[in-house]
Structures are given as C-alpha cells and as structure tokens.
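[1] Make a model of this:
(2 chains)
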2 protein chains.
Amino acid sequence: MRCLITGGSGFIGSNLVDRLLSLGHQVVVVDNFSTGIRSFLKNACSHPNFRLLEADILDPPSLAKIQNAMEGTEVVFHLAANADVRFGLEHPRKDLEQNTIATFHVLESMRVCNVKKIVFSSTGSIYGESKIIPTPEDTPFPVQTSLYGASKLACEGLIAAYCEGYKMQSWIFRFVSILGERYTHGHIFDFYKQLLKNHDQLKILGNGHQKKSYLYVQDCIDAILIAIEKSHDKVNIFNLGTDEYCEVNDSVAIICKELNLDPTLSYTGGERGWIGDNPFIFLDTKKISSLGWKPKFSIKDSVLKTLRYLKANQDNQDILTMRQQDT
Amino acid sequence: MRCLITGGSGFIGSNLVDRLLSLGHQVVVVDNFSTGIRSFLKNACSHPNFRLLEADILDPPSLAKIQNAMEGTEVVFHLAANADVRFGLEHPRKDLEQNTIATFHVLESMRVCNVKKIVFSSTGSIYGESKIIPTPEDTPFPVQTSLYGASKLACEGLIAAYCEGYKMQSWIFRFVSILGERYTHGHIFDFYKQLLKNHDQLKILGNGHQKKSYLYVQDCIDAILIAIEKSHDKVNIFNLGTDEYCEVNDSVAIICKELNLDPTLSYTGGERGWIGDNPFIFLDTKKISSLGWKPKFSIKDSVLKTLRYLKANQDNQDILTMRQQDT
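    Numbering: from 1, shown residues only, chains lettered A, B, ... in the order given. From the prediction side, this is the model:
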C-alpha cells in the first residue's frame, strides 16, 4: 500500500518507515525536521519505494505540496507532534499548534485528497490521573492534567468527528512511553547523559516512586500493524503498553547495573516529577491483546536495549542533543 | 464581583448579564457581534455597572484591549462560541477557530492578567452517542461524532490543563439545548418560521423520534450560579438539563397546539436529523441536583415560553434572521 507518514524522521516514525519499506509498501515521509533526525532515514532514503518531502504541516504554502504528495495515498500515519510533555507550561501555544492545529491540517488535507484512513499516535497522558489502574480505553471520562494530554485529546476528537462526518476510518493508539533504538528523549536519555558527565551523581525528578509503563518500539509497531489489519470499526482506539510497570527507581537500578556505576542519588521530591506528571501510568492492554498481539520484550529488555543504543551512539551529536527527563 | 463575559450579547450570555447586574455585580461584555444581537444588551447598557467592549477574541490587536478590560476581573464567563452544530461539516475550520482557538486565547489572556476563575459553556454533544442514558459526567470516555462536540472537548481539555498548570479554577457546564427568551436558533425557531410562512406544511429533519432534553434559560443560569457558589474543586464539571426528555414529534405537537395549527408533517427520514446528530440526548443531572438546584420549568413550559417569545418578536428582523433546525 501507499503510505504517508508525518513525523517520519522521528523515533517511532523512522522505525515505522523502515518496517513498512521492508514489508514492500511505498512510503512518503513528510517532516519539517524540527525535532526529527536525518540520519534515521539514511537507509530509507536509498530505497526505491521511499520519498522524502521536507515540509511543515503548519505552513500554508507547504500544505499544497503535502496535498500533492498525498494524492493516491491509502493511509496516513500522523506521528508528527510536539512530544515535549514536561515543558508544556513554558510554551502553551506549542501543543495547540503542533498537535491540535497540525492534526486539523492533516485531516483537511486528507479530505481534499480523498484519503480515508488515518493512524494516529495518541498518548496515555490523555487519561490524566485516572483512578482506574490499569486504565482501559473506556475508563470514565477523564480530566486533563497536561497541555500535551489536552492537545492529543483535541486531536482524537477531531479525528473521530472527521470519521463520522466525512466517512473516514481511524486507528488511534494511546501509547505508554516507547523505548528502543533511535530513542531521543525521556528519563533514560537524561539519566544516561547525567552519568556520562558525572559517574557519581544522579538527580531524579520527584521521589523516584513514580510508576510508569514502557513498550519496546518494535512491539509498538507490531501492535499498530495488527490493529490496522484486524480491527475495522470506524474509530479504532487501542491502548499500547505492556502488562507490567516499574518505578523510576527500578529503572535507575537497571541502568546503573548495566553501566556498572553506583552514583549518589538525589531527588527533587514529591509524588510527581513535574506539574502534570502522572505518578502512576499503567494501561489496560486487553483490547489490543485480544487481536493476538503481545509484546516480545519486557520493560527491563526495553530499558537495556535503549541504553545499549545510547552507548553505541554516544558520540553522535544529533542524537545526544539533550532533551528532558519526562517519561 | 467583577465579571467578564465573552459572547455576552448572545442568547444565554445576555440573560446571564442581566442576572449578574441585578445581583449587584460589575459586568464587562466582550463580543464581536458575529451572531450576538445588540438589542439583547439594551437594558444592560444603561446600567452603571455595565461596560461593553466590542472586540474579537481571534483578532490579535483586539486581544490587548480584551486583556486591558480583563484587569481586576474575578471570573470570566466564556460563552462566545460557534454554536452552529448542524452545519459544522460545511465549514470545519469554524469550530476549531471560534471554539478551540478562541478558548485558548481567553485562557492565555487570563494567565497574562492573573485571572483565576473561568466558567465555560460546554455541551452534551461532547458525549457523542453515549450508550449510558441518562448520561452522567463520568460516563465511559466518549467518541466524538461532531466537529462541534470535538471542539468543545478540546476546550474542556485546555481549561482543565490550565487549571492544573497555572492554578486556575473552572466550572464547566455541559448543556442540553437551552430554551427561553432571546432564543435565536434551534428546532422551535425553525418550526415557527416554517409555520409563519406556510400554516399547512412542516418539514421535520429525521423521523421525528429523536429524543432530546431541554432546559429553560433562567433555570440554566440558576444552576451556574449555584455551582460557582457551592462547588470548589479545581475543575468542576456539571451536566445541566432536566430529568425528562421528549421526542421532536412531542415538541411539534406542543407548538401546533399553541399556534392552533394542524400542518401536514413531512419527514426527511432516518434516526438522525443530520450527520453527527445524536438521536437520544438525555443527561444525568444528579450532580448539580445534589447542590440543591432543581429546574423550575418543565420541557413543555420551556417550549411554550420560547414560542411566546418568538410570537412577541415576530416582527423583529434581528431575531428572526433564520438559523437552523439543529437541536
């Protein structure tokens, strides 16, 4: 099939690109490289079924080019987003523009080009601080606690309304944090960078008891492809995660052991790492599991794979540009 | 208290303005008169505690004026919106701009001006086609079916995230359709206009069996004021409706009887009046009722009051500018 992937040079996007190409699909990537990394598309760029369009979904003149590239597309994977959860409060306009309004532009472009299928990367943050844990897709109507979650909620609402109004079909995935090769931000990244600078000190946001769930990127992509193949409702919503969670402290222990380090730990304190941080994210994945999917890798595997990837790339300045300790 | 009301020249807004003035509050109305009606503010304009600022929340130069007017405000009642549910699919950008982005601008203005309290007019449309009827506030996470509902969902998410992130407080009201004096669009309006033109024919969207709930505007305002007084969570969400519903056909019967007419009824057919129409809207109002509120008027009372208002104003061209049969 012919696919268009926004944000295709990002962590999850570029892994998806490689997978789709390996499965024989045609892939067009639309990316503005605001946070994407060109080298992630190095292999893809030499593939005959691949095309890269450097364009910004928020830029009106670019939209015509994007719509041009979209002609004949069967499915749009809309992964482009501001994924900067922690610092949302410092620039509230960013989530609105790069998530909500960008998604509107993607949907409008699809409408113009008569493209009927959209796959969307949403987030478990959309559940705010759910009282039901593990949290199922149909948990009681949540109250948002972050601008990031609110913007993804807005995107989901737009996508569902477009499906109803313009006879489109969507697959919406609410991710836990994804780990693995090409991982470029999050707590492992931050811990690794801190320890690279100073072997003896590690500063941890919150009290370290925040409970989080993680999923390996290839398991995530397996789930996406299985859901598209097997689930055919108008709006298909799936949590993606593993059936386990760990504390930030557990993650710290795995990392320190792997690196053979024993730093002094200091904590900023409090149940949450930052305002809007959810101290316990653990998603119910029965729905995606019922399609026959299960993750091949544990949280520990994913943390180790991520860490080994970072070690192997520790001299790559593209990748080691510091982001933040947010998930 | 000092209040700022966006959309204060609209149906609900202008009734709220009059009530707040009668209670001794200071009121600033911000309105661009895109759908508001100046004569609704005639009495307010002669009141010493009233001030009108003609400005558009979406217009950057106007925002500075709005923020100037906002200084010292205790609570913002954000009622300005595109309330045109039925025709959303004909102009998908309108809900995004006039609801989602406009609400973002209001919240940003509040943040700049250090205003901490916001009251927001949301909608029962946010529940999509809920399977749980009557639908409570914490019903399972709904899937959107209209651009209008999706945009109000986005607004709710933004408001809740601002409350969490910037220590604001909000009261979010999910309305059924509101009826009463100054009603300017909806099915009663449309039926009345049709019958005014032709006593013998009435065209009804859908099969007439759509079940809807309605609330009288003064009951709605009572509920808003009681909630602000008595509910003090960070984010206070309330359904507003009556504990009854009626079919569109019931409403038609009340109207025809009151007008002493017996038109031939024709139906466009189908369970829904239009794409995205919810064939059964009935909200659970236990939460607002638990604060001691109950509506003084039945649906029948509300329909009759609305009809009498329309009859008394049938020569007022401002009011009888046709809108649509949407709720």
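
[2] and the stretch 201-327 of chain A, which residues reach chain B?
    Applying Cβ under 8 Å from any Cβ of the partner chain, we find that the stretch 201-327 of chain A lies next to chain B at A:235, A:237, A:275, A:276. From N, CA and C alone the C-beta is placed, and that goes for glycine too.

[3] quick one: least confident of the residues you listed?
    Least confident of these in the model: residue A:276, at 82.

[4] I'd say that residue and residue A:88 touch.
    Yes: counting by Cβ atoms under 8 Å, residue A:88 is a contact partner of residue A:276 at 6.9 Å.

[5] overlap in contacts of the two?
    A:146, A:147, A:148, B:161, B:165 (Cβ atoms under 8 Å, 6 or more residues apart in numbering or on different chains).

[6] leaving aside the residues next to it on the chain, what's closest to the second one?
    Same thing as residue A:147. The shortest distance from residue A:147 to any non-neighbouring residue, by Cβ to Cβ, 6 or more residues apart in numbering or on different chains, is to residue A:88 (3.8 Å).

[7] wait, that neighbour sits on residue A:277?
    No: in this structure, residue A:88 is not within contact of residue A:277 by Cβ under 8 Å, at 11.0 Å.

[8] that older thread, now neighbour count too, for the shared contacts of residue A:276 and residue A:88, in a markdown table please.
    Shown next, in a markdown table, are the shared contacts of residue A:276 and residue A:88 (neighbours: other Cβ atoms under 10 Å in any protein chain shown):
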| residue | neighbour count |
| --- | --- |
| A:146 | 27 |
| A:147 | 33 |
| A:148 | 27 |
| B:161 | 30 |
| B:165 | 21 |
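
[9] buried ones in the helix or strand where residue A:223 lies?
    Residue A:223 is part of helix A:217-230, with elements assigned from DSSP states H and E. Within helix A:217-230, the residues that count as buried by 16 or more other Cβ atoms under 10 Å in any protein chain shown are A:217, A:218, A:219, A:220, A:221, A:222, A:223, A:224, A:225, A:227, A:228.

[10] Quick one: residues contacting residue A:248.
    Contacts of residue A:248 by Cβ under 8 Å, 6+ apart are A:187, A:204, A:206, A:208, A:209, A:210, A:212, A:273.

[11] Chain B: which of those is nearest?
    Distance to chain B across these (Cβ to the nearest Cβ) is lowest for residue A:273, with 14.1 Å.

[12] what residues are up against the residue nearest to the closest one when sequence neighbours are not counted?
    Distances taken as Cβ to Cβ, 6+ apart place residue A:205 nearest to residue A:273, at 3.5 Å, with adjacent residues excluded. Going by Cβ under 8 Å, 6+ apart, residue A:205 touches A:187, A:267, A:268, A:273, A:274, A:277, A:325.

[13] residue boundaries of the strands in chain A?
    A:2-6, A:26-31, A:50-54, A:75-78, A:117-123, A:169-175, A:177-179, A:201-204, A:211-212, A:214-216, A:235-240, A:246-247, A:264-267 (DSSP state E).

[14] got the contact list for the helix holding residue A:223?
    Helix A:217-230 has contacts (Cβ under 8 Å, 6+ apart) with A:11-12, A:15-16, A:19, A:75, A:117, A:119, A:171, A:173, A:175, A:178-183, A:236, A:238, A:240, A:242, A:288, A:291-293, A:295-297.

[15] now the shared contacts of residue A:276 and residue A:88 as JSON lines including pLDDT and distance to residue A:45?
    What follows is the shared contacts of residue A:276 and residue A:88, written out as JSON lines (pLDDT from 0 to 100; distance: Cβ to Cβ, whole Å):
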{"residue": "A:146", "pLDDT": "95", "distance to residue A:45": "35"}
{"residue": "A:147", "pLDDT": "96", "distance to residue A:45": "34"}
{"residue": "A:148", "pLDDT": "96", "distance to residue A:45": "30"}
{"residue": "B:161", "pLDDT": "97", "distance to residue A:45": "38"}
{"residue": "B:165", "pLDDT": "96", "distance to residue A:45": "40"}
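
[16] which two from the residues you listed end up farthest apart in space?
    A:148 and B:165 (10.5 Å; Cβ to Cβ).

[17] Show me the common contact partners of those two, please.
    A:88, A:276.

[18] Surely residue A:209 and residue A:249 touch.
    Yes: between residue A:209 and residue A:249 there is a contact under Cβ under 8 Å: 6.7 Å.

[19] Residue A:310 versus the residue lying closest to residue A:232 once chain neighbours are set aside, what's the distance?
    Nearest residue to residue A:232 in three dimensions, chain neighbours excluded: residue A:169, at 7.7 Å (Cβ to Cβ, 6+ apart). Distance of residue A:169 to residue A:310, computed by Cβ to Cβ, to the nearest Å: 37 Å.

[20] between those two, which one's more packed in?
    residue A:310 (22 against 19; other Cβ atoms under 10 Å in any protein chain shown).

[21] Let me see the contact set for the residue of the stretch 1-150 of chain A found nearest chain B.
    Nearest residue of the stretch 1-150 of chain A to chain B, counting by Cβ to the nearest Cβ: residue A:150, 3.4 Å away. For residue A:150, the contacting residues are A:95, A:144, B:154, B:157, B:158, B:160, B:161, by Cβ under 8 Å, 6+ apart.

[22] before we move on, what about residue A:74?
    By Cβ under 8 Å, 6+ apart, the contact set of residue A:74 is A:1, A:2, A:3, A:115, A:117.

[23] Tell me what angle the helix holding residue A:223 forms with strand A:169-175.
    150 degrees (axes from the mean of the first three to the mean of the last three Cα atoms, to 10 degrees).

[24] Helix A:217-230 vs strand A:235-240, what angle?
    Using the same axes, to 10 degrees: helix A:217-230 against strand A:235-240 is 150 degrees.

[25] Write out the residues of the stretch 51-200 of chain A neighbouring chain B.
    Residues of the stretch 51-200 of chain A lying near chain B (Cβ under 8 Å from any Cβ): A:88-89, A:92-93, A:96, A:100-101, A:104, A:107-108, A:111, A:128, A:137-147, A:149-151, A:153-154, A:156-158, A:160-162, A:164-166.

[26] Now the buried members of those.
    Counted by 16+ other Cβ under 10 Å, those give A:88-89, A:92, A:96, A:100-101, A:104, A:107-108, A:111, A:128, A:137-147, A:149-151, A:153-154, A:156-158, A:160-162, A:164-166 as buried.

[27] Give me the spatial nearest neighbour of residue A:134, chain neighbours excluded.
    Here the residue nearest residue A:134, using Cβ to Cβ, 6+ apart, is residue A:284, at 3.9 Å.

[28] oh, I was asking about residue A:97
    In this structure, residue A:97 finds its nearest non-sequential neighbour in residue A:58, 6.1 Å apart by Cβ to Cβ, 6+ apart.

[29] Over to residue A:305?
    Residue A:305 sits nearest to residue A:180 (Cβ to Cβ, 6+ apart), 5.6 Å away.
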